[in-house]
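Trainee: Fold the following and give me the result.
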Amino acid sequence: MFFRVAARENCIWLVSLFKECWAAVYNLMIEQTVTVGKGRNQHDVQEPTRKCHAFLLLRHRNVWPTYYQVIKMPISMSNIRQIMSRGPEKGFASIEQYIDAWRLMFANAWEFNQENSQIYQDALDLEKYFDEQILQAAQKYFISLPESSFMMPM
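Mentor: Take a look at the predicted model:
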C-alpha cells in the first residue's frame, strides 16, 4: 500500500514539474522591435513576444517539405504538451523521457538552422532556460534528475 501511495504521489509531482517547466518556457518573453505607421508617422516600438514562438507548432509537411526531409523526428512544444496531457501511463512515464523530448526539439533546431540564425540562438537560450527551470522544479518536488540529461559547461 505504501509503495502505491508513494508512486501515485511521485506521478503527481512529475506532472506538476512537467506543467511548470513547460509554462515557464512558454511565458519567457523578449522585446522585439517592430516598425509601425507610414511615412512621417513611421516609428519603431518595442513589442513583447514569446521567445519560444518558432517552437510552438510544426509547420505542415506541404508548407515545409525540406524540414521533414532533414529532420526525421520533428517535435514542437505543442507536441510535448499533448504528450504531457496523456498522463504517465500513455505520455511521459519518466523525467528522462520528458527531458529527451525537449532535447530533441532543440537538436532539431540546431540541425536544420544555421549557427548564426535567430532560431539557432533561440534554441540555445531556451535550452539554458529550460535547464534552469527543470532544476528548480526538481528541487521543489524532490525529484532527482539524471546527470546525463544536462548540458556540460563549456
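Trainee: ok, residue 118 - how many residues close by?
Mentor: 9 (other C-beta atoms under 10 Å). (Glycine included, C-beta is placed from N, CA and C.)
Trainee: meant to ask about residue 37, not that
Mentor: For residue 37, using other C-beta under 10 Å, the count is 10.
Trainee: quick one, phi psi at it?
Mentor: With angles defined as degrees, to the nearest 10, residue 37 sits at phi 80, psi 180.
Trainee: can you map out the strands along this structure?
Mentor: Along the chain, the stretches classed as strands by DSSP state E are 29-36, 43-50.
Trainee: nearest to residue 69, of these?
Mentor: Set against residue 69 and scored by C-beta to C-beta, the strands of the chain come closest in strand 43-50, at 27.5 Å.
Trainee: Send over that closest one as CSV, restricted to the C-alpha atoms.
Mentor: The C-alpha atoms that make up strand 43-50 are tabulated as CSV, following Å, rounded to 0.1, in the frame of the first residue of the first chain:
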residue,chain,number,x,y,z
HIS,A,43,8.4,54.6,-35.9
ASP,A,44,9.9,51.7,-34.1
VAL,A,45,8.2,50.3,-31.0
GLN,A,46,9.3,47.6,-28.6
GLU,A,47,6.7,44.8,-28.6
PRO,A,48,6.8,41.8,-26.2
THR,A,49,6.9,38.4,-28.0
ARG,A,50,7.4,34.9,-26.8
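Trainee: related to what we said a few turns ago, the strands of the chain: lowest mean pLDDT?
Mentor: Mean pLDDT across these is lowest at strand 29-36; the value there is a mean of 81.
Trainee: strands paired with that one, and their directions?
Mentor: Paired with strand 29-36 in the same sheet, following DSSP bridges, are strand 43-50 (antiparallel).
Trainee: you'd agree residue 37 is up against residue 43?
Mentor: Yes - under the criterion of C-beta atoms under 8 Å, residue 37 makes contact with residue 43 at 5.8 Å.
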